[in-house]
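Novice: Sequence below, structure please.
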Amino acid sequence: MQFNLMLGLVSLIVGNVFWSLIPTSALAQTQPAKNSVPDISGVWSTPGFRHREAEKIPDTPVIGLTRFNRKDYPFQPGGEPLYNRHFSEKPDPRTDDPQLLCLPWGFPHQTFLSNVQHFFQPEGYLVIFYEDMHYTRVIPMDGRKHPDLPPSYYGNSVGKYEGDTAVIDTIGLKPWGLDDGGQVPDGNHMFTDAAHFIERYRRTGPTTMSYTLTLDDRKIFAKPFTCGAKDSHCFVDGNPGPEEWIMRLHPEWEVIEQYCEENNKDPGLLQFLEKK
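Specialist: Predicted structure coming up:
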């Protein structure tokens, strides 16, 4: 009994000495590597903000900012009238400006508004909480396929991480407005039920994140194109590009309450529509 006990103690001591001689890097290689997820959590300003570095408040919202006002998009034959939808001959807020009836902005319009967004990253998901209307997107980030669901205002989004970039794929959308209503002469920029969008969020610095959006709507466009990259030309307010869409982290900001008043009517816009 004593011999077995002594043999066990010797084995334990020798084993500990052996493991202590192995380099830490070698030990690390024996452990399963955890999936690295880029940290994009926090409260961010959106591409709907204008940034001026020297200002006391460097990020300020821009109301009514249009992002999709190029004239040379790759339109399908007959696609441009679907994209530039004109107001109804008889004003109809439900189609001419649905927000008059407190209907949602929808995706991707919601991502460009001049309201902040709070990103959360619980395990396996990316959650984007929008200040405007307090809408929330809960996006699985495990690379799963889209389920078969009926069309909705925000569609179905699934995603994955590709290196330092969160890539989100969205389909299943109702035909809806792409940006602020009334930005083209007497009408809106629209997309159809064939719309397919791909977002890419990439952390570019301690307080910055790039955002790009690829638009693919084969009822309107002959091929996909991307906005928000340095070499894209989705001009702001008709100014010449290129334009890079940058979001900025604001730990000092809080998301505040913002809701559409129930059954609200905008008298000024209604009068404008009545003149058409």
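
Novice: From here on, just use CA atoms for contacts and neighbour counts.
Specialist: Fine.

Novice: which residues in the stretch 51-200 of the chain form helices?
Specialist: Using DSSP state H, counting those that start in this stretch, the helices of the stretch 51-200 of the chain run over 79-83, 93-96.

Novice: would a markdown table of the ones you listed with distance to Val167 be doable?
Specialist: Compiled in a markdown table, these are given as follows (distance: least, CA to CA, whole Å):
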| stretch | distance to Val167 |
| --- | --- |
| helix 79-83 | 25 |
| helix 93-96 | 31 |
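
Novice: Ser232 is nearest to which of those helices?
Specialist: helix 79-83 (19.1 Å; CA to CA).

Novice: Dump the closest one to PDB, restricted to CA.
Specialist: Output in PDB follows, covering the C-alpha atoms of helix 79-83 (Å, rounded to 0.1, in the frame of the first residue of the first chain):
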ATOM      1  CA  GLY A  79     -37.400  49.300 -64.100                       C
ATOM      2  CA  GLU A  80     -37.000  53.000 -63.700                       C
ATOM      3  CA  PRO A  81     -40.700  53.800 -63.400                       C
ATOM      4  CA  LEU A  82     -40.900  51.100 -60.600                       C
ATOM      5  CA  TYR A  83     -38.100  52.800 -58.800                       C
END
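
Novice: that older thread, adding distance to Glu55 and mean pLDDT, write the helices of the stretch 51-200 of the chain out as CSV.
Specialist: Output for the helices of the stretch 51-200 of the chain, formatted as CSV (distance: least, CA to CA, whole Å; pLDDT from 0 to 100):
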stretch, distance to Glu55, mean pLDDT
helix 79-83, 37, 92
helix 93-96, 37, 74
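
Novice: Dump those into CSV; add distance to Trp245 and mean neighbour count as well.
Specialist: Below are the helices of the stretch 51-200 of the chain laid out as CSV (distance: least, CA to CA, whole Å; neighbours: other CA atoms under 10 Å):
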stretch, distance to Trp245, mean neighbour count
helix 79-83, 22, 17
helix 93-96, 28, 17
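
Novice: With respect to Val62, which of those helices lies nearest?
Specialist: Counting by CA to CA, Val62 lies closest to helix 93-96 out of the helices of the stretch 51-200 of the chain; the figure is 21.7 Å.

Novice: Any regions of this structure where pLDDT drops low?
Specialist: Counting by pLDDT under 70, the low-confidence segments of the chain come to 1-35, 63-67, 180-187, 235-242, 261-276.

Novice: ok so, going back, nearest to Lys160, out of the helices of the stretch 51-200 of the chain?
Specialist: Each of the helices of the stretch 51-200 of the chain has some distance to Lys160 by CA to CA; the shortest is helix 79-83, at 29.7 Å.

Novice: How far away from the center of its chain is the closest one?
Specialist: Relative to the centre of its chain, helix 79-83 is centred 24 Å away, using CA atoms, centre = their mean, to the nearest Å.

Novice: Mind giving me the packing neighbours of that helix?
Specialist: If you count contacts as 3 or more CA pairs under 8 Å, 6 or more residues apart in numbering; DSSP states H and E, helix 79-83 packs onto strand 187-191.

Novice: distance of the closest residue in space to Val138 that isn't next to it in sequence from Asp179?
Specialist: Distance criterion CA to CA, 6 or more residues apart in numbering; nearest residue to Val138, sequence neighbours excluded, is Val127 at 4.6 Å. According to CA to CA, to the nearest Å, Val127 stands 22 Å off from Asp179.

Novice: Those two: who's more crowded?
Specialist: Neighbour count, other CA atoms under 10 Å: between Val127 and Asp179, Asp179 has more, with 25 against 17.

Novice: wait, doesn't that one sit right on Phe68?
Specialist: Yes - Asp179 lies in contact with Phe68 (CA atoms under 8 Å); the separation is 7.5 Å.

Novice: Now for those two: what residues contact both?
Specialist: His189 (CA atoms under 8 Å, 6 or more residues apart in numbering).

Novice: List the residues that contact the nearest residue to Val255 once chain neighbours are set aside.
Specialist: Among residues not flanking Val255 along the chain, Glu131 sits closest, at 5.7 Å (CA to CA, 6+ apart). By CA under 8 Å, 6+ apart, Glu131 lies in contact with 115-118, 255-258.

Novice: next one: Gln99
Specialist: Going by CA under 8 Å, 6+ apart, Gln99 touches 93, 105.
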